[in-house]
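Student: using only what follows, build the 3D model:
(one chain, ligands or ions: 2)
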Amino acid sequence: MNLHEYQGKELLSSFGVRIQRGIVAQNADEAVEAAKKLTEDTGTGWHVIKAQVHAGGRGKGGGVKLAKNLDEVKSIAGQIIGMDLVTPQTSAEGKRVHQVLVAEDVYYPGETETSEFYMSVLLNRANGRNMIMYSTEGGMDIETVAEETPHLIFTEEIDPATGILPFQARKVAFNLGLSGLAFKEMTKFVTSLYKAYVESDSSLFEINPVLKTSDNKIMAVDAKVTLDANALYRHKDLAELRDLREESPIEVEAGALGLNYVDLDGNVGCMVNGAGLAMATMDLIKQAGGEPANFLDVGGTADAARVEAAFRIILKDPEVKAILINIFGGIVRCDRVAQGVVDAYKNMGDAINVPIIVRLQGTNADIAKELIDSSGLDVMSATEFQEAADKVQAVLA
Ligand code: GDP
Ligand code: MN
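Tutor: Ligands and ions are numbered 1, 2, ... in the order given. Okay, the predicted model is just below:
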């Protein structure tokens with residue numbers, strides 16, 4: 001589950017990570033009030049107005065702007081709220097902005113230069129350890145840095161038994177070329193950041209940029225936080241931060257029905273049990289010249305009620321021209337799944353307006369095929385993977 005920048009920053013701050021202070025606003029007037037309050041507290045007078053959407057690259061899309069006075073706060077906030085922000089990480093239609101973060105400008109000139117760093121905390125799946133990835137090249141795409149100057153990206157792996165050790169925090173500060181106060185600040189920053197990551201059961205923190213201010217403080221200017229959805233039961237307060245407006249409505253509905261569904265752009269709906277088989281099925285559809293319309297794992301109990309729920313979700317996508325059901329009957333017998341398909345189909349009647357191809361393999365596959373073939377419904381059965389793909393191709397042609 002992803003958090004908004006302002007929510008991520010609040011989480012970090014609660015663990016002692018220094019952040020660029022800010023207040024979230026739902027409209028231009030609230031933005032002005034927020035700016036006034038921040039000015040009272042810190043007094044720089046300049047503010048940055050930042051679109052709060054679940055996508056990075058907002059700066060490039062015009063979703064992050066500097067306001068030099070309250071009039072500019074009002075006009076910029078008014079312009080950003082309600083816009084469809086297009087960034088390199090959104091679709092071409094963009095994402096509707098419902099709120100902005102009004103933050104104090106922390107790039108003000110001082111005795112020394114400001115610098116931007118990159119820092120993330122994530123799981124290295126190769127060895128099952130968390131690692132801190134960081135770079136002197138902050139503020140830009142880390143993908144570009146990785147491509148062009150990979151030697152400027154450092155990693156520090158953390159032993160889960162000890163957590164981050166003081167020498168590791170010092171190594172990070174040293175590799176980032178810091179000294180004096182900024183060095184000390186960075187060791188504190190990275191230590192609290194790691195603690196926040198572990199204790200919130202996050203799966204990704206990406207802080208880009210981490211800023212060294214002109215008075216040598218180290219703070220998070222941006223925050224991308226992804227929480228591990230499987231651990232949310234331990235964090236009721238964090239679970240409440242979910243913003244359904246940022247998610248696809250079909251995915252939200254599928255989630256409520258207990259279906260693991262991801263919306264895609266193609267024309268072949270998929271209903272599969274098991275995530276691995278679902279991925280393989282999507283490959284198969286592509287190979288046969290189609291494009292998967294979705295990823296859908298119906299889980300272990302593919303009974304009539306679940307199959308029907310899955311049909312309804314898949315058919316909400318108007319692009320769907322055929323549905324491929326690919327079920328491996330191991331624990332759940334194929335004949336029961338086949339009966340579920342037949343019952344769901346009969347129950348839905350005209351709501352099903354595209355051809356259905358069913359491939360059932362495993363326990364009682366032959367009885368299942370018989371059941372489908374004798375049902376009199378517009379459902380094609382297949383036994384082999386390739387046969388199913390060919391049938392999909394035939395109905396799309
Ligand atoms: P992103 O584009 O979605 O990654 O959003 P960021 O929060 O990273 O903001 C984009 C860029 O805006 C940053 O890389 C900074 O260079 C700039 N920025 C952010 N906060 C401030 C600020 O307080 N003052 C100034 N002048 N620039 C800022
Ligand atoms: Mn950023």
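
Student: doesn't Leu284 fall inside a strand?
Tutor: No: with DSSP: H, G, I helix; E, B strand; the rest coil as the criterion, Leu284 is helix rather than part of a strand.

Student: residues near the residue in the stretch 151-300 of the chain positioned nearest to ligand 2, how many?
Tutor: Closest contact between the stretch 151-300 of the chain and ligand 2, by CB to the ion, is at Asp222 (3.5 Å). For the C-beta atoms, the positions are set from N, CA and C on the backbone; glycine is no exception. Counted with other CB atoms under 10 Å, the neighbours of Asp222 add up to 24.

Student: once you drop chain neighbours, what's closest to it?
Tutor: Nearest residue to Asp222, sequence neighbours excluded (CB to CB, 6 or more residues apart in numbering): Asn208, at 5.6 Å.

Student: for Val106, same thing?
Tutor: Gln20 (4.9 Å).

Student: before we move on, the earlier item: so the residue nearest to Asp222 touches Gly138, yeah?
Tutor: Yes: between Asn208 and Gly138 there is a contact under CB atoms under 8 Å: 5.8 Å.

Student: any shared contact partners between those two?
Tutor: Common contacts of Asn208 and Gly138 (CB atoms under 8 Å, 6 or more residues apart in numbering): Tyr118, Met119.

Student: report the contact partners of the residue nearest to Val106.
Tutor: Gln20 neighbours (CB under 8 Å, 6+ apart): Lys9, Val48, Ala103, Glu104, Val106, Leu211, Met219, Ala220, Val221.

Student: am I right that the first one is in a helix?
Tutor: So the one you mean is Lys9. Yes: with three-state DSSP as the criterion, Lys9 is located in a helix.

Student: so what pLDDT did it get?
Tutor: At Lys9, the predicted lDDT confidence score is 98.

Student: likewise for the third one?
Tutor: In the predicted model, Ala103 carries a pLDDT score of 97.

Student: and for the last one?
Tutor: What the model reports as pLDDT for Val221 is 97.

Student: how many neighbours does it have?
Tutor: Neighbours of Val221 (other CB under 10 Å): 25.

Student: wait, His54 sits on His98?
Tutor: No: judged on CB under 8 Å, His54 makes no contact with His98 at a distance of 11.2 Å.

Student: now do the buried residues in stretch 295-310.
Tutor: Using 16 or more other CB atoms under 10 Å as the test for burial, stretch 295-310 gives Phe295, Leu296, Asp297, Val298, Ala302, Ala304, Arg306, Val307, Glu308, Ala309, Ala310.

Student: and the closest residue to Asp201 other than its chain neighbours, which of the three is it?
Tutor: With CB to CB, 6+ apart as the criterion, Asp201 has its nearest non-adjacent residue at 3.5 Å, and that residue is Ala231. Put simply, Ala231 is helix when judged by three-state DSSP.

Student: what's the helix or strand for the residue of the stretch 201-350 of the chain found nearest ligand 1?
Tutor: Taking CB to the nearest ligand atom, ligand 1 has its nearest neighbour within the stretch 201-350 of the chain at Asp222, 3.2 Å off. For Asp222, there is no enclosing helix or strand under DSSP states H and E.

Student: re the thing from before, now for His54 and His98: what residues contact both?
Tutor: If you check His54 and His98 against CB under 8 Å, 6+ apart, no residue is contacted by both.

Student: what does stretch 50-59 contact?
Tutor: 2, 4-6, 22, 24, 63-64, 80, 83, 85, 87-90, 95-103, 141, 206, 224, 243, 246.

Student: tally of neighbours for the closest residue to ligand 2 within the stretch 51-200 of the chain?
Tutor: Of all residues in the stretch 51-200 of the chain, the one sitting closest to ligand 2 is Gly56 (5.9 Å; CB to the ion). Applying other CB under 10 Å, we find 18 other residues in the vicinity of Gly56.

Student: what's the answer for Lys171, then?
Tutor: 16.

Student: tell me the bridge partners for the closest residue in space to it that isn't next to it in sequence.
Tutor: Nearest non-adjacent residue to Lys171, counting by CB to CB, 6+ apart: Glu156, 6.5 Å away. Going by DSSP bridges, Glu156 is paired in beta bridges with Ile132.

Student: before we move on, the earlier item: may I see the buried residues of the strand or helix carrying the residue nearest to Asp222?
Tutor: Element membership for Asn208 (DSSP H and E) is strand 202-212. Judged by neighbour count using 16+ other CB under 10 Å, the buried positions of strand 202-212 are Ser202, Ser203, Phe205, Glu206, Ile207, Asn208, Pro209, Val210, Leu211, Lys212.

Student: run through the neighbouring helices and strands of the longest helix along the chain.
Tutor: Ranked by number of residues, the top helix in the chain under DSSP state H is helix 180-199. With contacts taken as 3 or more CB pairs under 8 Å, 6 or more residues apart in numbering; DSSP states H and E, helix 180-199 sits against helix 5-14, strand 115-124, strand 129-135, helix 166-175, strand 202-212, strand 218-220.

Student: quick one: which of the ones you listed is nearest Cys270?
Tutor: strand 202-212 (25.3 Å; CB to CB).

Student: just the ones of the buried residues of stretch 295-310 in helices?
Tutor: Ala304, Arg306, Val307, Glu308, Ala309, Ala310.

Student: want to throw these into a markdown table with distance to Val320?
Tutor: What follows is those, written out as a markdown table (distance: CB to CB, whole Å):
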| residue | distance to Val320 |
| --- | --- |
| Ala304 | 20 |
| Arg306 | 18 |
| Val307 | 16 |
| Glu308 | 16 |
| Ala309 | 15 |
| Ala310 | 12 |
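
Student: show me where the protein dips below the pLDDT cut-off.
Tutor: Filtered on pLDDT under 70, the chain yields the residue ranges 42-44.

Student: Gly177: what's it in contact with?
Tutor: Thr136.

Student: so which strand or helix has it?
Tutor: Going by DSSP H and E, Gly177 is not part of any helix or strand.
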